[in-house]
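model the structure of this input:
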Amino acid sequence: MIERSFVSFHPGEQPALLWRGALAVTTEPPEIFVHGTAMGLSPAETALMALLVRRGRAAHRDIAEALAGAGASAASLDVITYRIRRKFAAAGASDPIEARRGWGLVLRVEPDARGSTALWIGNAEQRGCQFGDPSAWPAAAPISGREAERRF
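Prediction:
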């Protein structure tokens, strides 16, 4: 179970969440979770992982924009992906990033407790569970990557 207090302008409101398999991203504050455990990524690492969770893949141009928004340079992409991989390995999770030469990055998704790698957008209350308890997550209809980009 995740013990976390979220900053919100509306008392009692839960943050928006985006799930893809065992990965989850909160919007405010932006944070990445694997199997309900906070990863403690830097702002640039979080921006890159949030982009990949949202889209499933990203071209170099999109990656450069996301990193610039987090105050990092696209030239530091190798260092950022190395640090992400190292932090995921330390947490016992598999490597979440696959590099496609000449194109960009693709997200590798571990299935959640139910074996699903589907994309789900909402909050824990809408999903009918505690955020850190993926076994209680009800089945959700998967949505396309384009629909996810439009919604999130």
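
how about V25, secondary structure?
Assigned state for V25: strand (three-state reduction, DSSP: H, G, I helix; E, B strand; the rest coil).

all helices of the protein, in order?
Along the chain, counting by DSSP state H, helices occupy 43-55, 60-69, 77-90, 124-127, 145-151.

using TSV, lay out those helices together with mean pLDDT.
Compiled in TSV, these are given as follows (pLDDT from 0 to 100):
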stretch	mean pLDDT
helix 43-55	94
helix 60-69	95
helix 77-90	95
helix 124-127	54
helix 145-151	49
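
need the winner for burial among these.
When neighbours are counted by mean count of other C-beta atoms under 10 Å, the highest per-stretch mean among the helices of the chain falls to helix 43-55, a mean of 22. Placement of C-beta: from N, CA and C, glycine included.

and for it, what's in contact with it?
For helix 43-55, the surrounding residues in contact (C-beta atoms under 8 Å, 6 or more residues apart in numbering) are 18, 20, 23-25, 30-32, 39, 41, 58, 62-63, 66-67, 69-72, 76-77, 80-81, 83-84, 87, 96-97, 105-107, 145, 148-149, 152.

related to what we said a few turns ago, mind checking which of the helices of the chain is nearest T117?
Distances from T117 to each of the helices of the chain were compared using C-beta to C-beta; the shortest belongs to helix 43-55, at 11.3 Å.
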